[in-house]
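A.B. asks: Below is the sequence, then the predicted model.
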Amino acid sequence: MTRKSEQRRKIIYERIQREGSVKVTELSNDYNVSSETIRKDLDVLCEQGKIEKKHGSANRIDKYSHIPLRVKREDHREEKIRMAACASKLIEDYQTIWLDAGSSVYTMLRFLSPRKNLTIDTNSIEIATALAGSHHRLIVVGGLLEPIGQSLVGPFANEQIAALHFDLAFLGSDGFKNSEGPTTFAYEEIQIKRTALMHAARSVLLVDDSKTEVCAPYQYARFREFDTIVTTADPSNFPEPEKVIVA
C-alpha cells in the first residue's frame, strides 16, 4: 500500500465517521479517483472492522465495540501517546501495576522500559504478548477470551485479580458522554475493571477528548472513585478537576 493510498483511506474513514454514510460515487468525484479504487479503499477499511459496506455506499459502525483493539490503537494516536507519557510518570521503580485491556493503556508500554523491576499484571492478551520479552515481571490472569477486546474475563479471571494488590491501576473507557463515570461496551469487562479498581492503592483513568462524544451501555465506576484522571479533554468534564492531569 502506498503512502498516498494510506492517507486517502484515513481521510475517507474520518469523513464516514463525521457524516455517517457516504456514497462511492461521491468519494470518487471528491478525491478524483476511480470508483474501483474507492471500492478497494472501502474493502480495506471494512476488513479492518472500521466501516460497514452496503451496495454503493459505506456506513459508520456506531458501536465502537465492533472495532478490534488493533484498530482502536490507531484512533487518536497522538493524544493517546501524550496521555501515556503523562501517566507513565506516575510509576516508580519496583512497583506493582495493573494494565487494563484498552488501547490508551496499551500505549503506555512504550514508556515502561526505563523503569526498574516492575511487576505488571494484566488480563490483556495483546499487552502480555508485547511484554513477553520485557525485563519486567509479568503476571497474566487467565479466563474466558473476549475476542474483540482480546481480554481474559469471567469469574476465574476475576477471582485471580481479587487475590492481587496493585500500587497503581491504569484503566480506560469507551466513552462517558452524559455519564457520571467511564463506560464500556463489553459487559464481561465490568467486574474485571471494578475488581482491579478496588485492589489498587491508587487508580488512574486514561480518556482522550473523543470519549466525550460517545457513551457505552455499561458504566463500571464513577469519576470520583479514581485518584487521578489523565486526559486531553477539558477538566470541566469531570466533577473534581483538581484530580485531572491534562496531557
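C.D. replies: In hand now; what should we look at?
A.B. asks: in the protein, which residue is closest to the centre?
C.D. replies: Ser103 (2.8 Å; C-alpha atoms, centre = their mean).
A.B. asks: right, and Ile12 touches Asp43 too?
C.D. replies: No. The criterion here is C-beta atoms under 8 Å, and Ile12 misses it with Asp43 at 11.7 Å. (Each C-beta comes from the backbone N, C-alpha and C, glycine too.)
A.B. asks: of the two, who's got more company?
C.D. replies: Ile12 (22 against 11; other C-beta atoms under 10 Å).
A.B. asks: in the helix or strand hosting that one, what counts as buried?
C.D. replies: According to DSSP states H and E, Ile12 maps onto helix 3-19. Under the neighbour-count criterion of 16 or more other C-beta atoms under 10 Å, helix 3-19 has 8-9, 12-13, 15-16 buried.
A.B. asks: And stretch 30-44, by the same measure?
C.D. replies: Quick answer for stretch 30-44 (16+ other C-beta under 10 Å): 33, 38-39, 41-42, 44.
A.B. asks: Kindly provide the whole-number mean pLDDT of that stretch.
C.D. replies: The pLDDT scores in stretch 30-44 average 92.
A.B. asks: For my notes, confirm Val22 occurs in a strand.
C.D. replies: Yes. Counting by DSSP: H, G, I helix; E, B strand; the rest coil, Val22 is part of a strand.
A.B. asks: Which strand residues bridge it?
C.D. replies: Ala58 (DSSP bridges).
A.B. asks: Contacts only, for it.
C.D. replies: By C-beta atoms under 8 Å, 6 or more residues apart in numbering, the contact set of Val22 is 12, 15-16, 57-58.
A.B. asks: Let me know the closest of the buried residues of helix 3-19 to Leu131.
C.D. replies: Nearest to Leu131 among the buried residues of helix 3-19, counting by C-beta to C-beta, is Tyr13 at 29.4 Å.
A.B. asks: quick one: that closest one from Arg60, how far?
C.D. replies: 9 Å (C-beta to C-beta, to the nearest Å).
A.B. asks: Kindly report the same for Lys211.
C.D. replies: 17 Å.
A.B. asks: Which one's more surrounded, these two?
C.D. replies: The neighbour count for Lys211 versus Arg60, taken as other C-beta under 10 Å, is higher for Lys211 (26 against 16).
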